[in-house]
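*Asks:* model this:
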Amino acid sequence: MARIQSSLNISSADFRRNYGANKVRIEEFRAKQHAARFNRPQRDVERLAKQGKMMPRERLERLLDPGTPFLELSSLAANMAYDGEAPGASSITGIGIVSGREVMLRADDPSIKGGAWYPLTIKKIVRCLDMAIENRLPVVHLCDSAGGFLPLQSQLFPDKHMAGRIFRNQSILSKLNCKQLSLVFGHCTAGGAYIPGLSDYSVIVRGTGAVFLGGPPLVKAATGEVVTVDELGGCDLHTQVSGTCDYPAGSEAEAIAIGREIVSQWDRAPKWAIQQAEVEAPHYDPDELYGIIPDDIKRGFDMREVIARLVDGSRFHEYQPAYGTTLVCGYANLWGFKIGILANNGVLFNDSALKGAHFIELCNQNQTPLVFLQNITGYMVGREYEARGITKDGAKMIMAQTCSRVPKFTIMCHGSFGAGNYGMCGRAYDARFLFTWPNHQIGVMGGEQAAKTLMEVKLRQLERNAQHIDQAILDRVYHETLEAYQEQVTAYYSTSEIWDDGIIDPVDTRNALGVAISASLNAPLGDPGYGVFRF
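*Replies:* Numbering: from 1, shown residues only. Got it, this is the predicted structure:
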């Protein structure tokens, strides 16, 4: 493949301005991420230490193979929810290496409300188990939770993708022969008791670990029986009497050591044979991404410059370079893996939509995973484009992308607006992994467009009712809409709601994709096939 010839001028005023703005963004992101990971009330830290417990990240560090990568997911989940009371949505999820095996890891965080599950905690757990199913990954659960956060119980229990989905997903994983291990460091209460109950293996720590459908207060309220935690669901009961748990451990360190030994016995499922080449670092410095990404969401940039700083050797075979030029398509290697890239270089017109649909079909034919690099304002609107069939051509791209058999990965590089989000494999389209950059914005449309649209609707309403047109009312509609959009389109709002799998530093994109692609190869390819294309 030919190397991309970069035209980036790192001495230009634009580069320096962008670089400075994005370094500030990254510093803000790193500070938020550090706080979510480590800032805890001292009383909670001391409480866990008094109980002989490690902090959840200490447990993970001991469990993971030394010197191996850990791809953390949704580290800033719930960062704008619950008045900041549940950093990281009270849990840690990610992909790492344990005893030489790729595994999905899920850890409760008992330093936050005793590890209680908020609605977004459940969403985060369900998502990580969905990913384990999609990628056929074994799962290690690090259990230490007080159960559901009862003041929000109506958002925890009854619906399809609430807490019951956790246990449904565990059952599906077992059906797919994806092993599961529970390390019970603390309480597994109520529904949480089913996590070790549905795992293939479980280790429970004597003195602190406990598994029960109802804790002592509930048992007393329901039956009048007075019983201690250990008598009701402790280590000796479940390893010697009930058989609910398999291995007793005298400490957390011993539990982790037993867990690592268990995982070392697991067979490795064969990965499907993706095309691979020798790994080569990008020719251009990934740090230059900070100078490429504009400091204004409305400013464009050449996505080839981004590709050149992500892929092996900065080499790229571009498909149909002279046709549908607002969508860049082509082949590259990333950490040696062959990938097909679709990257936005402007609004999607009829020709770019058709080009994208055809390229997706080629990648499916050639068993090449797809990477979508989003910076999209949507499909082109207007009478001329509707007459050409932009809706029909956009639907072709959506159909081809939706029904792909190969793994898909999405990076939200800048803007993601309108139906362009759909064609470019937004959240609803089952990307195996979807990451955002801190500058990312997402919405039905841009904030200014939404504000102007609603102001126009209000104006027509006043005219229709023969009311006095008060400019102050129109201005208020505009500013209120714009203000709401400015908060809700941000990467932090998006990741708080778990509309992505986490914000990442742009320079970490190559590594994140490498881990994600490797993990995806554990799942067999789907069956090829499409629905009806409208011609």
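
*Asks:* burial check on Gly313, number of neighbours?
*Replies:* The criterion is other CB atoms under 10 Å. On that basis, Gly313 has 20 neighbouring residues. Using the backbone N, CA and C atoms, a C-beta is placed for each residue, glycine as well.

*Asks:* let me redo that: Gly67
*Replies:* Neighbours around Gly67, by other CB under 10 Å: 6.

*Asks:* Tyr118 too?
*Replies:* If you count neighbours by other CB under 10 Å, Tyr118 ends up with 25.

*Asks:* with the one 5 residues further on instead?
*Replies:* As a burial measure, Lys123 scores 21 neighbours (other CB under 10 Å).

*Asks:* my read is it is in a helix, agree?
*Replies:* Yes. Membership of Lys123 in a helix is supported by DSSP: H, G, I helix; E, B strand; the rest coil.

*Asks:* which residue is the nearest non-sequential neighbour of it?
*Replies:* Nearest residue to Lys123, sequence neighbours excluded (CB to CB, 6 or more residues apart in numbering): Ile498, at 5.1 Å.

*Asks:* same thing with Arg17?
*Replies:* Sequence neighbours aside, Asp295 is the residue nearest to Arg17 in space, at 6.0 Å (criterion: CB to CB, 6+ apart).

*Asks:* ok, the one you found touching Asn22?
*Replies:* Yes. If you go by CB atoms under 8 Å, Asp295 and Asn22 touch, sitting 7.3 Å apart.

*Asks:* ok, now which ones touch the residue nearest to Lys123?
*Replies:* Contacts for Ile498 (CB atoms under 8 Å, 6 or more residues apart in numbering) come out as 74, 77, 89, 120, 123-124, 127.

*Asks:* among those residues, which are in helices?
*Replies:* The helices, defined by DSSP state H, take in 120, 123-124, 127 from the contacts of Ile498.

*Asks:* between those, which is closest to Ala257?
*Replies:* Using CB to CB, Lys124 is the member of the ones in helices among the contacts of Ile498 that sits closest to Ala257, with 27.5 Å.

*Asks:* burial check on the closest one, number of neighbours?
*Replies:* With neighbours defined by other CB under 10 Å, the count for Lys124 comes to 25.

*Asks:* tell me what the longest helix anywhere in the chain is packed against?
*Replies:* Longest helix in the chain by number of residues (criterion: DSSP H): helix 13-38. Contacts defined by 3 or more CB pairs under 8 Å, 6 or more residues apart in numbering; DSSP states H and E place helix 13-38 against helix 289-292.

*Asks:* now the helix it packs on: average pLDDT?
*Replies:* Helix 289-292 shows a mean pLDDT of 98.

*Asks:* so for the one helix or strand Ile195 maps to, mean pLDDT?
*Replies:* In this structure, Ile195 is located in helix 194-197 according to DSSP states H and E. Summarised as a single mean, pLDDT over helix 194-197 is 97.

*Asks:* and that helix, how far from the chain's centre?
*Replies:* Counting by CA atoms, centre = their mean, to the nearest Å, helix 194-197 is centred 24 Å from the centre of its parent chain.

*Asks:* which strands or helices does it pack on?
*Replies:* If contacts are counted by 3+ CB pairs under 8 Å, 6+ apart, helix 194-197 sits against strand 139-145, helix 163-175, strand 180-189.

*Asks:* I'd like those laid out as a markdown table, including mean pLDDT and distance to Tyr429.
*Replies:* As requested, the helices and strands packed on helix 194-197 are arranged in a markdown table below (pLDDT from 0 to 100; distance: least, CB to CB, whole Å):
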| stretch | mean pLDDT | distance to Tyr429 |
| --- | --- | --- |
| strand 139-145 | 97 | 24 |
| helix 163-175 | 97 | 20 |
| strand 180-189 | 97 | 27 |
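
*Asks:* mind putting those into TSV with distance to Ile95 and mean neighbour count?
*Replies:* Shown next, in TSV, are the helices and strands packed on helix 194-197 (distance: least, CB to CB, whole Å; neighbours: other CB atoms under 10 Å):
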stretch	distance to Ile95	mean neighbour count
strand 139-145	10	27
helix 163-175	15	18
strand 180-189	15	27
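
*Asks:* quick one: closest of the ones you listed to Gly531.
*Replies:* Comparing the helices and strands packed on helix 194-197 by their distance to Gly531 (CB to CB), the top pick is helix 163-175, with 24.7 Å.

*Asks:* tilt between that closest one and strand 180-189?
*Replies:* Relative orientation of helix 163-175 and strand 180-189, computed by axes from the mean of the first three to the mean of the last three CA atoms, to 10 degrees: 150 degrees.

*Asks:* outside of helix 163-175, which residues touch it?
*Replies:* With CB under 8 Å, 6+ apart as the criterion, helix 163-175 contacts 117, 122, 125-126, 129-130, 132-133, 139, 148, 156-157, 180, 191, 194-195, 198-200.

*Asks:* just the buried residues out of these, in ChimeraX syntax.
*Replies:* This is the ChimeraX syntax for the buried subset of the contacts of helix 163-175, where burial follows 16 or more other CB atoms under 10 Å:
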select :117,122,125,126,129,130,132,133,139,148,156,180,191,194,195,198,199,200
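
*Asks:* quick revisit: who's more crowded, Asp295 and Asn22?
*Replies:* Taking other CB under 10 Å, Asp295 and Asn22 do not tie; Asn22 has more neighbours (22 against 15).

*Asks:* which residues are in contact with the closest residue in space to that one that isn't next to it in sequence?
*Replies:* Once flanking residues are discounted, Asn22 sits nearest to Tyr290: 4.1 Å by CB to CB, 6+ apart. Counting by CB under 8 Å, 6+ apart, Tyr290 touches 18-19, 22-23, 26, 506-507.

*Asks:* in JSON lines, list those along with pLDDT and distance to Asn522.
*Replies:* Shown next, in JSON lines, are the contacts of Tyr290 (pLDDT from 0 to 100; distance: CB to CB, whole Å):
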{"residue": "Asn18", "pLDDT": "98", "distance to Asn522": "38"}
{"residue": "Tyr19", "pLDDT": "98", "distance to Asn522": "38"}
{"residue": "Asn22", "pLDDT": "98", "distance to Asn522": "34"}
{"residue": "Lys23", "pLDDT": "98", "distance to Asn522": "37"}
{"residue": "Ile26", "pLDDT": "98", "distance to Asn522": "32"}
{"residue": "Pro506", "pLDDT": "98", "distance to Asn522": "27"}
{"residue": "Val507", "pLDDT": "98", "distance to Asn522": "27"}
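
*Asks:* alpha carbons of stretch 75-83, as PDB, please.
*Replies:* Presented in PDB, the C-alpha positions along stretch 75-83 are these (Å, rounded to 0.1, in the frame of the first residue of the first chain):
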ATOM      1  CA  SER A  75     -14.700   5.300  32.700                       C
ATOM      2  CA  LEU A  76     -16.800   8.500  32.900                       C
ATOM      3  CA  ALA A  77     -20.200   6.800  32.900                       C
ATOM      4  CA  ALA A  78     -22.700   8.700  35.100                       C
ATOM      5  CA  ASN A  79     -20.300  11.700  35.300                       C
ATOM      6  CA  MET A  80     -23.300  14.100  34.800                       C
ATOM      7  CA  ALA A  81     -25.800  12.000  36.800                       C
ATOM      8  CA  TYR A  82     -26.900  11.500  40.400                       C
ATOM      9  CA  ASP A  83     -25.200  14.800  41.500                       C
END
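
*Asks:* now do that stretch: everything it contacts.
*Replies:* Residues outside stretch 75-83 that contact it (CB under 8 Å, 6+ apart) are 32-33, 36-37, 86-91, 118, 120-121, 123-124, 492-493, 495-498, 502-503.
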